[in-house]
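Participant: could you look at this predicted model? Sequence included:
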Amino acid sequence: RILYYTGRIGAIHEVRGKDGVGAKMDFMELEREKGITIQSAATHCAWGDHDINVIDTPGHVDFTIEVERALRVLDGAILVLCGVAGVQS
């Protein structure tokens, strides 16, 4: 939603792509089919005077190495978790 509210994308779509479009950062067919992130993706947006870098990483333990690779380049981060599903293990 942050990409939508900052004007980076023009519409919000379902992750699984039920509407034929799908999520913007989950670009692999398997990601859209399963509704999960497999490969990390990065983008940026502006909120007022602030630049925000968004890194979408996998949440499943099987993809821990992919998450570690993505986080190595950061100086700091804000962790956003799903309030419904929470942390899954």
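Facilitator: Great, that's in hand. Numbering: from 1, shown residues only.
Participant: the helices in this structure, which residues?
Facilitator: Assigned by DSSP state H, the chain shows helices spanning 2-5, 29-34, 64-71.
Participant: export those to TSV and tack on mean pLDDT?
Facilitator: Converted to TSV, the helices of the chain look like this (pLDDT from 0 to 100):
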stretch	mean pLDDT
helix 2-5	87
helix 29-34	73
helix 64-71	81
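Participant: now these as TSV including mean neighbour count?
Facilitator: Placement of C-beta: from N, CA and C, glycine included. Output for the helices of the chain, formatted as TSV (neighbours: other Cβ atoms under 10 Å):
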stretch	mean neighbour count
helix 2-5	14
helix 29-34	14
helix 64-71	13
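Participant: state the distance from the most centrally placed residue in the chain to residue 48.
Facilitator: The structure's the chain has its C-alpha centroid closest to residue 56; by Cα atoms, centre = their mean the separation is 3.0 Å. Between residue 56 and residue 48 the distance, using Cβ to Cβ, to the nearest Å, works out to 22 Å.
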